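>>> Kindly generate the corresponding structure for this input.
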Amino acid sequence: MFGAISLILITLPIFFQLIFGTMAAKQTISFKFWTVSSANFVLQIFFSIVSYSIASYNFNTYFDKHPSELRCGTGFGVLIMAIFFLMFFLIILIIIQYFIKRFYKKRYH
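Predicted structure coming up:
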């Protein structure tokens with residue numbers, strides 16, 4: 001039912017960080033860079049919990065309809081590893097954007 005939603009949710013904070021983090025680093029929006037970065041980090045945690053809940057709901061709904069099927073939790077392992085990978089990627093992205101912001105601030109101000 002909600003198959004792709006859980007994958008979309010865990011990638012949204014990265015796209016928000018790419019867009020709004022770059023705009024905040026260039027100071028084209030009124031938000032500060034650390035405000036945008038910390039909001040995206042909190043959103044990553046929140047969306048990860050929501051994504052896991054949706055996947056759990058889908059898993060239970062499927063096996064309620066098909067009780068004779070063999071249950072395997074490998075999909076949850078993949079989802080959890082994807083969450084950790086994307087959280088690590090978000091942190092690396094924030095660090096890179098911070099150093100780019102610092103470089104431009106030193107060079108042009």
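
>>> quick one: what helix or strand has the residue lying farthest from the centre of the chain in it?
The centre of the chain is farthest from one residue, residue 68, which by CA atoms, centre = their mean lies 34.7 Å away. Assessed by DSSP states H and E, residue 68 sits outside every helix and strand.

>>> So what does it have for phi and psi?
phi -90, psi -10 (degrees, to the nearest 10).

>>> what's the spacing between it and residue 51?
28 Å (CB to CB, to the nearest Å). C-beta coordinates here come from the backbone N, C-alpha and C atoms, glycine included.

>>> Likewise for residue 3?
From residue 3 over to residue 51 the distance is 12 Å, taken as CB to CB.

>>> The helix of greatest length in the chain packs against which elements?
For the chain, the helix with the greatest residue count under DSSP state H is helix 74-108. Helix 74-108 is packed against helix 5-16, helix 22-25, helix 33-65, with contacts defined by 3 or more CB pairs under 8 Å, 6 or more residues apart in numbering; DSSP states H and E.

>>> list the buried ones in stretch 74-83?
For stretch 74-83, the neighbour count (16 or more other CB atoms under 10 Å) marks 79, 82-83 as buried.

>>> gap between that stretch and the chain center?
14 Å (CA atoms, centre = their mean, to the nearest Å).

>>> again, but for stretch 94-109
Here stretch 94-109 shows a centroid-to-chain-centroid distance of 23 Å under the convention CA atoms, centre = their mean.

>>> Mind listing residues that contact that stretch?
Stretch 94-109 has contacts (CB atoms under 8 Å, 6 or more residues apart in numbering) with 17, 21-22, 25-26, 33, 37, 40-41.

>>> cool, stretch 14-23 as well?
Counting by CB under 8 Å, 6+ apart, 29, 31, 33, 36-37, 40, 43-44, 86, 89-90, 93-94, 97 sit against stretch 14-23.

>>> could you redo the last one with a cut-off of 7 Å?
Residues outside stretch 14-23 that contact it (CB atoms under 7 Å, 6 or more residues apart in numbering) are 29, 33, 36-37, 40, 43, 86, 89-90, 93-94, 97.
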